[in-house]
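1. take a look and give me a structure for this.
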Amino acid sequence: MRMAAEEVADGSKVTQAHWNSLFRRLDRDGSGTLDRKEFYSFVRDTMRMEPVDYPDDAIWEVFKALDHDMSSMITIGELVAFAENTMDLFHT
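-> Have a look, this model is predicted:
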């Protein structure tokens, strides 16, 4: 995930604005959250992780780990907290 944000940053230090830009691109329905389908698309299309190397069950486990508030949606805060390894600091 961090690598995707770094691509958006185009060589500069990743900022919240870069995360926002990436998240808007991933949030295909404009809801402000990522549903399971959007997250799977992110993993398969953006991160280019093939099913043979990273099965759907593994993606589902990551999705659940990201979904801190168990809403079945991933917020930008949840995504950034996970990618920046600050989940223990995350507050809903």
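2. got a list of what the most centrally placed residue in the chain touches?
-> The centre of the chain sits closest to Leu79, judged by Cα atoms, centre = their mean, with a distance of 4.5 Å. Leu79 sits next to Met1, Trp19, Phe23, Leu34, Leu66 when contact means Cβ atoms under 8 Å, 6 or more residues apart in numbering. Backbone N, C-alpha and C define where each C-beta goes, glycine included.
3. nearest spatial neighbour of the second one, chain-adjacent residues omitted?
-> Read that as Trp19. Val80 (5.1 Å; Cβ to Cβ, 6 or more residues apart in numbering).
4. if I look at the residue with the largest distance to the centre of the chain, how far off is Phe42?
-> Distance from the C-alpha centroid of the chain peaks at Val52, with 20.5 Å (Cα atoms, centre = their mean). Per Cβ to Cβ, to the nearest Å, Val52 is found 18 Å from Phe42.
5. likewise for Asn20?
-> For Asn20, the distance to Phe42 - Cβ to Cβ - is 15 Å.
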